[in-house]
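1. what follows is a predicted protein model with its sequence.
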Amino acid sequence: MKKKKTKNWFSKVKNRLHFDTKLNKKKAESIVACRENVKSHCFFPFIYFEIKQFKLAKKKLQIEQGLNLDPYKTRKIFYSCHSDSYIFSYYNELLLNKYEELIMSEGLDCSIAYRHIDKNPKGTGKSNIDFAAEAFKEIEQRKNCYAVGLDIKKFFDTLDWSILKKNMCKVLETEKLSDDWFQIYKILTDFHYIDLDEILHCKYIKSNRRAFWNNDTHSFDKICSPKTFRNIIKNLPELIKNNKEQRGIPQGTNISGTLANIYMLDFDIKIQKLINECSGYYRRYSDDILIIVDTKEMLEKILQIVKEAIEDLNLKLSEEKTICCKFIENECFYEPCIFNPTVTSGGELQYLGFTYNGKKILMRDATLTRFWKDAIRHTRSMVLNNFYNNRKIPIKKIYGLYTHLANEESEYGNFYKYVRKAQKIFEKDFGFKEKVGIKKQLSNNWQILHKFLERLKKKHNIPDEQLKIPKDVNI
């Protein structure tokens, strides 16, 4: 059977809005292949922007308890220019290969993020769905057990540079980083960045992100030439900011995920050994930790050791987010623990975007809420932008994005495809059968979108010629 071809360092570099454009492979290789080139390479500042994620739990607390909480979680994203990205991607491949060799020699299978883990002989990689299904199957097979989900607070933002450097040397099997590796380390710790909105709105650019999209090449043009960029910075030096925290690395580069895994190496070895001794189950997906054991006594012991091991790394757990569950004959109950002594009625384990209570597997409510907030916002934008520019509204695209009408061959990236995939993996691949109710959670998606379009059409007096809404269909 032919194995699926995986992406190499060159193809992993995405087109982004920056001060340069993508290179051909020959040019990229000329940059990355020579250590002297990397050592003396002049890196651009990262471009920085924020992603705000709606948190349903915070919104509920805000409403029920009258707390002054921001219902949005802010993720700081940094991305490099294309020439720098090729370097990060190439060196990530080198570092990841070394990391894989080391964890194989240590017998570690707990670190599951930022790696390609084969799902089948074809070389198809596992996804968060597979990892969640494996964990839920572990609980189902044990029947009686304790499961706890932990979260590391501000993970990427608080990585200790000295620990990161020490572990990089360990993985690379060297006492001291070579000049090229030290250059990578230095750029990713004491990093500089430019806020995307600030550079686009400065007096020398005065534009927006959409203006740089090239429909012919289906990619972004560069913001400006390197020469123009240097002139802008000469006149507006305040645009460049640096990492003042003396800790942390940028989240969003081609190498950040591997560095985060390497940082947790000693922790993984320690906790995996402890879990193996008590025949438990341990997985770490970036900053999300899952532990499953058979007794409460063992759970409390492990949680105390986890807390101490996290503190040894100069990190902190988000103890208020800790979810501890007790499963009895595949029925779930919330259980008090040292991090979260309060218990509410009911019980369900949340892991990697899914919930499991022993009887039903569903997507998290927050995932669906976020989907519909994005769907409504994007649909409104598409409809009104085309309407006011006197263009035909792409109704086929809208229904292809946000309803069941998109089939497997759809040209549009579709959340419903993800739902189908999750339903299949849990139901058939892992044999949960009637326990899986994921697909039914979107059973009314047509009606929600249909009603929204009707209201939008009526409110803005959009004629039928521009927005012809199809008749209802059975799902």
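-> Right, received. Where do you want to start?

2. please count neighbours and contacts with C-alpha atoms only from this point.
-> OK.

3. low-confidence ranges in the chain?
-> The model of the chain has pLDDT under 70 over residues 1-7, 53-72, 345, 405-413, 471-475.

4. ranges for the strands of it?
-> Using DSSP state E, the strands of the chain run over residues 46-54, 72-79, 145-151, 192-195, 213-214, 219-220, 240-242, 281-285, 288-293, 323-328, 331-334, 349-351, 354-356, 361-363.

5. is it true that Thr379 touches Lys397?
-> No - using CA atoms under 8 Å as the test, Thr379 is too far from Lys397 to be in contact (9.7 Å).

6. neighbour count winner among these two?
-> Comparing Thr379 with Lys397 by other CA atoms under 10 Å, the one with more neighbours is Thr379, at 22 against 16.

7. contacts only, for that one.
-> Each residue near Thr379 by CA atoms under 8 Å, 6 or more residues apart in numbering is listed here: Ile398.

8. ok, now how distant is it from Asn445?
-> Distance of Thr379 to Asn445, given as CA to CA, to the nearest Å: 13 Å.

9. and for Ser85?
-> 39 Å.

10. which one's more surrounded, those two?
-> Higher neighbour count among Ser85 and Asn445: Ser85, with 23 against 17, using other CA under 10 Å.

11. ok, and the closest non-adjacent residue to that one?
-> Once flanking residues are discounted, Ser85 sits nearest to Val13: 6.2 Å by CA to CA, 6 or more residues apart in numbering.

12. count the residues that sit near that neighbour.
-> For Val13, the neighbour count with other CA under 10 Å is 24.

13. equivalent analysis for Ile129, please.
-> Ile129, neighbours per other CA under 10 Å, totals 18.

14. nearest residue to it in space, please, no chain neighbours.
-> Ala422 (6.1 Å).

15. the one you found reaches Ile438, doesn't it?
-> Yes - Ala422 lies in contact with Ile438 (CA under 8 Å); the separation is 7.4 Å.

16. quick one, which of these two is more surrounded?
-> More crowded of Ala422 and Ile438, by other CA under 10 Å: Ala422, with 25 against 22.

17. what segments of the stretch 101-250 of the chain are helices?
-> Listed in chain order, the helices of the stretch 101-250 of the chain (DSSP state H, counting those that start in this stretch) span 128-142, 161-172, 179-189, 196-201, 226-235.

18. just the CA trace of the last one, in PDB.
-> C-alpha atoms of helix 226-235 as PDB (Å, rounded to 0.1, in the frame of the first residue of the first chain):
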ATOM      1  CA  PRO A 226      12.300  46.000   2.300                       C
ATOM      2  CA  LYS A 227      13.800  49.300   1.300                       C
ATOM      3  CA  THR A 228      10.400  51.100   1.900                       C
ATOM      4  CA  PHE A 229      10.000  49.200   5.200                       C
ATOM      5  CA  ARG A 230      13.400  50.400   6.400                       C
ATOM      6  CA  ASN A 231      12.500  54.000   5.600                       C
ATOM      7  CA  ILE A 232       9.200  53.600   7.400                       C
ATOM      8  CA  ILE A 233      11.000  52.300  10.500                       C
ATOM      9  CA  LYS A 234      13.500  55.100  10.300                       C
ATOM     10  CA  ASN A 235      10.700  57.600  10.600                       C
END
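
19. please point out which parts of that helix sit buried.
-> Judged by neighbour count using 16 or more other CA atoms under 10 Å, the buried positions of helix 226-235 are Ile232.

20. and the contacts of that helix?
-> The contact list for helix 226-235 (CA under 8 Å, 6+ apart) reads 19-20, 204, 239-240.

21. try it again with 10 Å
-> Helix 226-235 is touched from outside by 19-20, 44, 199, 202-205, 223-225, 236-237, 239-240, with contacts defined as CA atoms under 10 Å, 6 or more residues apart in numbering.

22. could the strands of the chain go into CSV alongside mean neighbour count and distance to Leu177?
-> Formatted as CSV, the strands of the chain follow (neighbours: other CA atoms under 10 Å; distance: least, CA to CA, whole Å):
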stretch, mean neighbour count, distance to Leu177
strand 46-54, 17, 23
strand 72-79, 16, 24
strand 145-151, 23, 31
strand 192-195, 19, 21
strand 213-214, 13, 40
strand 219-220, 18, 35
strand 240-242, 15, 23
strand 281-285, 20, 27
strand 288-293, 21, 29
strand 323-328, 24, 40
strand 331-334, 21, 47
strand 349-351, 23, 37
strand 354-356, 22, 41
strand 361-363, 22, 44
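
23. reformat the ones you listed as JSON lines; add distance to Leu315.
-> Converted to JSON lines, those look like this (distance: least, CA to CA, whole Å):
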{"stretch": "strand 46-54", "distance to Leu315": "22"}
{"stretch": "strand 72-79", "distance to Leu315": "18"}
{"stretch": "strand 145-151", "distance to Leu315": "11"}
{"stretch": "strand 192-195", "distance to Leu315": "23"}
{"stretch": "strand 213-214", "distance to Leu315": "40"}
{"stretch": "strand 219-220", "distance to Leu315": "38"}
{"stretch": "strand 240-242", "distance to Leu315": "22"}
{"stretch": "strand 281-285", "distance to Leu315": "15"}
{"stretch": "strand 288-293", "distance to Leu315": "13"}
{"stretch": "strand 323-328", "distance to Leu315": "19"}
{"stretch": "strand 331-334", "distance to Leu315": "26"}
{"stretch": "strand 349-351", "distance to Leu315": "21"}
{"stretch": "strand 354-356", "distance to Leu315": "26"}
{"stretch": "strand 361-363", "distance to Leu315": "29"}
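
24. which among these is found nearest to Glu29?
-> Closest to Glu29 of the strands of the chain, according to CA to CA: strand 72-79, at 20.2 Å.

25. adjacent strands (with direction) for the closest one?
-> Strand 72-79 sits in its sheet next to strand 46-54 (antiparallel), going by DSSP bridges.

26. quick one: distance of the partner strand to the chain centre.
-> 12 Å (CA atoms, centre = their mean, to the nearest Å).

27. hmm, back to that, looking at the contacts of helix 226-235, spot the one nearest Thr258.
-> Phe44 (21.4 Å).

28. residues in contact with the residue lying closest to that closest one once chain neighbours are set aside?
-> Distances taken as CA to CA, 6+ apart put Cys81 closest to Phe44, at 6.6 Å, once the chain neighbours are dropped. Neighbouring residues of Cys81 by CA under 10 Å, 6+ apart: 13-22, 43-47, 222, 253.
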